[in-house]
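Whatever this is, show me its structure:
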Amino acid sequence: MMLPFLIIIPLFGAFSMPIVSLLGKKIKEYWAAIISGATFVVSAKVFYTVWKTNEIILYTLGSDSPVGRGVKFPIRIVWEVDLFGALLALTIAFVSFLAVIYSLGYMKHDTGLEKYYTLILVLEVGMLGIVITGDIFNFYVFLEIMSIASYALVAFRNDTWEGIEAGIKYMFVGSLASSFILLGIALLYGQYGTLTMSYLAIKIAENPTLVAKVALAFFIGGLLFKSGAVPVHMWLADAHPAAPSSISAMLSGLVIKAGGIYAIARIVFGIFNPGLHAYLRAFNAPAVNMNVVGWIIVFFACLTLLVGNAMAVVQTDMKRLFAFSSVGQIGYILLGIGIGT
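Numbering: from 1, shown residues only. I've put the predicted structure just below:
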């Protein structure tokens, strides 16, 4: 079972980095490259396995029961990867590996690089965890791991006020978004007594209460913050110029996609299955009206792509141009999710 090593390898690399850094500057740089490279190899193996077998890989630690009956272990961790999740994990590992390789030359004049490489590996752990988890609370834990590492990396060059301000602003917005998401998780757990995503989908379809609808609103609201959608996008425009270029690439290419867009798609399609609820409504059975949810997402998508692209046109700073371009691209992806809902 290769799946756990997607998390174990970069997590081990991050925790061992302070010790390895004592052996010399070059050693810690090579160590970061080796760890990220090994993670990429494992992700490629996982992707190949899922693609070849056309099956979902499932890994469970703890109770066999998703609702806590007959608990063999006090916690239940579920990781599951389909072909889409495996492809995203491969992309995350590959881009993270490229960011580390680029940093070997780009960051050579900076100090505190053991912290920098530790944070990159922690960031990779968080993003990989988001795309492989099958448990909604572990999804939140990995989302926070990713977020905290990205806050620190944006403000890594703290010798300028620009970096500190961008990091604080990003942390404030991200913490507010996390509060919404955690509240949504608490509502679902209180109502249905389980945190396993696949089991939640069944329970919500059986009994789509008002609590579930409110929880969905909190999820979408919090994750729109995380994705940098308009009107909560300005943190991204400030974070890009302040962050090192390698981190800017990860912000645009990975962080707002895995922690925002993919997370929205996973919640909407994985837990609040639009097709299933449309089928239930056709027979006048209780269901969540996902058409309304889809139109709300489409509204924010159109607003995001229009504002993002319009703001990108008038920028003179290259990093801010890329930031607003990223906002515009988020709008296009959200539009697809909204239409699909």
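
Could you list the low-pLDDT ranges of this protein?
Low-confidence segments of the chain (pLDDT under 70): 1, 62-76, 274-290.

Ile185 reaches Leu195, doesn't it?
Yes. The criterion here is C-beta atoms under 8 Å, and Ile185 meets it with Leu195 at 7.4 Å. C-betas here are computed from N, CA, C, even on glycine.

which residues are common contacts for the two?
Taking C-beta atoms under 8 Å, 6 or more residues apart in numbering as the contact rule, the neighbours common to Ile185 and Leu195 are Ile136, Phe137.

Compare neighbour counts for these two and give me the winner.
Neighbour totals were compared for Ile185 and Leu195, and Leu195 leads with 23 against 19 (other C-beta atoms under 10 Å).

which residue ranges form the helices in the stretch 101-250 of the chain?
Assigned by DSSP state H, counting those that start in this stretch, the helices in the stretch 101-250 of the chain fall at 113-132, 136-154, 161-192, 197-206, 210-227, 234-242, 245-250.

Check those for me and report the most buried one.
Greatest average neighbour count among the helices of the stretch 101-250 of the chain goes to helix 113-132 (a mean of 25), per mean count of other C-beta atoms under 10 Å.

looking just at contacts, which helices and strands does it meet?
Counting contacts by 3 or more C-beta pairs under 8 Å, 6 or more residues apart in numbering; DSSP states H and E, helix 113-132 is packed against helix 5-20, helix 25-53, strand 76-81, helix 83-106, helix 136-154, helix 245-250.

ok, now with 6 Å
The helices and strands touching helix 113-132, judged by 3 or more C-beta pairs under 6 Å, 6 or more residues apart in numbering; DSSP states H and E, are helix 5-20, helix 83-106, helix 136-154.

any residues touching that helix, and which ones?
6-7, 10-11, 13-14, 17-18, 21, 28, 32, 79, 81, 85, 88-89, 92, 96, 142-143, 145-146, 149-150, 152-153, 156, 254, 258 (C-beta atoms under 6 Å, 6 or more residues apart in numbering).

cool, and stretch 291-298?
Under the criterion C-beta under 6 Å, 6+ apart, residues Leu334, Ile337, Gly338, Thr341 lie in contact with stretch 291-298.

Report how many residues lie close to the third one.
In other words, Gly338. Gly338 has 20 neighbours, counted by other C-beta under 10 Å.

Can you give me every residue that contacts the residue most central in space within the chain?
Geometric centre of the chain, nearest residue: Gly259, 2.2 Å, by C-alpha atoms, centre = their mean. Taking C-beta under 6 Å, 6+ apart, we find Gly259 in contact with Leu143, Met146, Lys226.

Now tabulate these in a markdown table and tack on distance to Gly129.
Converted to a markdown table, the contacts of Gly259 look like this (distance: C-beta to C-beta, whole Å):
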| residue | distance to Gly129 |
| --- | --- |
| Leu143 | 8 |
| Met146 | 8 |
| Lys226 | 15 |
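
Could you dump the helices of the stretch 101-250 of the chain into TSV and include distance to Ala38?
Shown next, in TSV, are the helices of the stretch 101-250 of the chain (distance: least, C-beta to C-beta, whole Å):
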stretch	distance to Ala38
helix 113-132	11
helix 136-154	19
helix 161-192	29
helix 197-206	28
helix 210-227	28
helix 234-242	29
helix 245-250	18
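
So which of these is nearest Gly270?
Across these, Gly270 has its closest neighbour in helix 197-206 (5.4 Å, C-beta to C-beta).

mind checking how far the closest one is from the chain centre?
A distance of 22 Å separates the centroid of the chain from that of helix 197-206, by C-alpha atoms, centre = their mean, to the nearest Å.

and if you look at stretch 297-308?
Counting by C-alpha atoms, centre = their mean, stretch 297-308 comes out at 20 Å from the chain centroid.

same question, stretch 45-56
Relative to its chain's centre, stretch 45-56 lies at 21 Å (C-alpha atoms, centre = their mean).

One more: stretch 129-145?
Distance of stretch 129-145 from its chain centroid, counting by C-alpha atoms, centre = their mean, is 8 Å.

returning to what we had before: tell me the most packed of the contacts of stretch 291-298, by neighbour count.
Leu334 (26 neighbours).

mind listing what that one touches?
Taking C-beta under 6 Å, 6+ apart, we find Leu334 in contact with Ile297, Ala301.

Which helix or strand contains it?
Element membership of Leu334 [criterion: DSSP states H and E] is helix 318-340.

How far off centre is that helix?
Computed by C-alpha atoms, centre = their mean, the separation of helix 318-340 from the middle of its chain amounts to 16 Å.

ok, and for that helix, which residues are buried?
For helix 318-340, a neighbour-count test (16 or more other C-beta atoms under 10 Å) marks 319-331, 333-335, 337-338 as buried.

Compute the number of surrounding residues for Val230.
Val230 has 21 neighbours, counted by other C-beta under 10 Å.

Now do the same contact list for it.
For Val230, the contact set (C-beta under 6 Å, 6+ apart) comprises Leu303, Thr304, Val307.

Fine by me, we can end here.
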